[in-house]
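*Asks:* Here is the input, now give the coordinates:
(one chain, ligands or ions: 1)
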Amino acid sequence: MRFDVLTLFPEMVEGPLRHSMIGRGIEAGRLELGVHDIRTHGLGRHRTVDDAPFGGGSGMVMRVDVLDPAIAAVRRPDSHVVLFEPSGARFDQRMAERFATLPHLVLICGHYEGIDARVREHLVDETVSIGDYVLTGGEYAALVVVDATARLLPGVLGNATSAMDESFSSGTLEYPHYTRPREYRGWPVPDVLLSGNHGKVEKWRREQSLLRTAAIRPDLARKGD
Ligand code: ADE
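*Replies:* Take a look at the predicted model:
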């Protein structure tokens, strides 16, 4: 799978994704990542990318005649083009799973007050938000979406089952994990995990998962009814 990210701040996106599991996935050829500076399509000597809003108001708006060629430079016949906006559809594990089936994702990071609405109307397949809060731009959203999607691709995570067991894939939060030491500052590891009884361990983990979901995310618990 290939990701192309269009941004005014390429360093914000490049750096973090070259590390850890996703960085290794790129090096191993499990995914490809391109990060592109929208300003290379800016207008005139100053490479202008934004302008004042028609109708007045504060802030600047990113121009459609800049984003159009920026998108055209990376778009392929099989591309899925996503624009990040606080007003987009909420990103979740299910959306990550859908994205992970696609051959090519183009991710556009908005900035300033917003993006000319004609980009959303004519040039993108969907708009996505990573949560109900307003960020200064779409770069953090792009990092979240690339990370959550890329880790689902074959061979990106070392242990193939770890992507399946965890929170959200099953509609419940993940059970708690423990490792050595067995006791630390008087805080013991639950006995059942040391019992060697796999049936009991499985049952305990399922219970813990349901208890945590009910306590922390009752909205998820209701969805699973
Ligand atoms: N741009 C600004 N806020 C955002 C959000 N919550 N999600 C995606 N893109 C954004």
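
*Asks:* Just give the strands next to the longest strand seen in the chain in its sheet, each with its orientation.
*Replies:* Taking DSSP state E as the criterion, the chain has its longest strand at strand 79-90. Using DSSP bridges, strand 79-90 pairs in its sheet with strand 104-109 (parallel), strand 126-129 (parallel).

*Asks:* List the contacts of that strand.
*Replies:* 71, 75, 95, 99, 102, 104-110, 114-115, 119-120, 123-135, 138, 141-142, 145 (CB atoms under 8 Å, 6 or more residues apart in numbering). C-beta: built from backbone N, CA, C; applies to glycine.

*Asks:* quick one: contacts for the most centrally placed residue in the chain?
*Replies:* Here the mean C-alpha position of the chain is nearest to the C-alpha of residue 145 (CA atoms, centre = their mean), at a distance of 1.5 Å. Neighbouring residues of residue 145 by CB under 8 Å, 6+ apart: 82, 84, 91, 96, 99, 105, 107, 128, 130.

*Asks:* ok, and of those, which contact the ligand?
*Replies:* Taking CB under 6 Å from any ligand atom as the test, the ligand is in contact with 84, 130 out of the contacts of residue 145.

*Asks:* Quick one, which of the contacts of residue 145 are buried?
*Replies:* 82, 84, 91, 96, 99, 105, 107, 128, 130 (16 or more other CB atoms under 10 Å).

*Asks:* Just the local confidence number for the last one, please.
*Replies:* In this case it means residue 130. pLDDT recorded at residue 130 is 98.

*Asks:* That one and residue 209: what is the separation?
*Replies:* 24 Å (CB to CB, to the nearest Å).

*Asks:* helix or strand for the residue lying closest to residue 28 once chain neighbours are set aside, which one?
*Replies:* Closest residue in space to residue 28, ignoring its immediate chain neighbours: residue 155 at 6.7 Å, by CB to CB, 6 or more residues apart in numbering. Under the criterion DSSP states H and E, no helix or strand holds residue 155.

*Asks:* doesn't residue 30 make contact with residue 155?
*Replies:* Yes - Residue 155 lies in contact with residue 30 (CB atoms under 8 Å); the separation is 4.6 Å.

*Asks:* Noted, bye for now.
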